[in-house]
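[1] the sequence and its predicted three-dimensional model are supplied below.
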Amino acid sequence: MFLLLWFSDLSFAAQISLYVFFLLSYLLSVVGNGLIMLVVSTSPQLHSPMYFFLTVLSFTEFLTISSTVPKALQGFLKVGRSISLIGCATQLSVFLAAVTCESTLLTLMAYDPYMAICQPLRYTSVMTVTVCWKLIMISWIFAFGNAVISFNVLLNLPFCDSILIAHFFCDVLPVISLACGNIFFLEVYQLITSLTVIMSTATLIICSYVKIQTSIFLLRSAESRHKTFSTCGSHLVSVIIFFGSAMIVHFQL
């Protein structure tokens, strides 16, 4: 049994304020992602690879926040700060799978405009429904494979007397830091795995946007260049926020 104590040193008023903030943010995120999935699935004009990936990304985002925020909200009320080893391993596995899948989905969402802008004649023959589903399945298989490994490792770790997790959910490094014995190689493995996922997907996205930018500069009309690049703007912002926050949190831990 573990205790999640990230916000335990705050005053009661501060914890209530954070509880309301997290609750409203969670509800807005759930409603927003739900609306995206509903609108895309019910609008035939949005049945394209980009919006298909966006729908799956919304579902994945729902899994990410639902694996962590509800338990954190219980912690603010001091009624759910304890979590079993199985519960901790499950939360960690779902979170890892969802985050890993998010990074691969963002990569796929960069590949789609690359094909549309840089390879327009091949776009319809390459980005078929079957291909999109295969890419999604590969990303989920890879994500859950990584999660299953982490789940088994966590269940077989020998833990010391300390059961206090200095975090608001069961993240990898705060949990394995409680294990007895030498965990150096385990920490190195987690570091290499995390950096491999982050750097490989980020590199593929950067390469896609470099080629997209090169193709955009070849367009004669400034209006065409602006219109073409504006279609990638929202995705680029999402990529910066996701990978930027992932790197900040990772190196802080």
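    All right, it came through fine. Residues are numbered from 1 along each chain as shown.

[2] roughly how far does the residue lying closest to Leu85 once chain neighbours are set aside sit from Leu178?
    Closest residue in space to Leu85, ignoring its immediate chain neighbours: Leu155 at 6.8 Å, by C-beta to C-beta, 6 or more residues apart in numbering. To be clear about C-beta, it is placed using only N, CA and C from the backbone, and glycine gets the same treatment. Using C-beta to C-beta, to the nearest Å, one obtains 14 Å as the distance from Leu155 to Leu178.

[3] looking at those two, which has the bigger crowd around it?
    Using other C-beta atoms under 10 Å as the criterion, Leu155 and Leu178 rank with Leu178 on top: 17 against 11.

[4] can you report phi and psi for that one?
    phi -90, psi -10 (degrees, to the nearest 10).

[5] isn't it up against Pro158?
    No. With contact defined as C-beta atoms under 8 Å, Leu178 does not count as touching Pro158 (10.1 Å).

[6] shared neighbours, those two?
    With contacts defined as C-beta atoms under 8 Å, 6 or more residues apart in numbering, no residue is shared by Leu178 and Pro158.

[7] this structure: helices as residue ranges?
    12-42, 49-66, 69-76, 85-118, 120-126, 129-155, 172-176, 184-217, 222-252 (DSSP state H).

[8] now for the ones you listed, which one comes closest to Ile163?
    The minimum distance between Ile163 and these falls on helix 85-118, with 9.8 Å, by C-beta to C-beta.

[9] report the buried residues of the closest one.
    For helix 85-118, the neighbour count (16 or more other C-beta atoms under 10 Å) marks 85, 88-117 as buried.

[10] could you give the mean pLDDT of it?
    Mean pLDDT, computed over helix 85-118, is 89.

[11] I figured Leu18 was touching Phe76, is that so?
    Yes. Using C-beta under 8 Å, Leu18 is in contact with Phe76, at 6.3 Å.

[12] comparing those two, which residue is more hemmed in?
    Of the pair Leu18 and Phe76, Phe76 is the one with more neighbours under other C-beta under 10 Å, namely 24 against 16.

[13] excluding chain neighbours, what is closest to the more buried one?
    Tyr19 (3.9 Å).

[14] wait, the one you found sits on Gly75?
    No. Counting by C-beta under 8 Å, Tyr19 sits too far from Gly75 to count as a contact (9.1 Å).

[15] per-residue confidence for Met1?
    Predicted confidence (pLDDT) for Met1: 58.

[16] no, scratch that, I was asking about Thr68
    In this model, Thr68 carries a pLDDT of 88.

[17] same thing with Leu204?
    91.

[18] number of nearby residues for it?
    Other residues close to Leu204 by other C-beta under 10 Å number 18.

[19] for it, which non-adjacent residue is closest in space?
    Using C-beta to C-beta, 6+ apart, the nearest residue to Leu204 is Thr107, at 5.0 Å.
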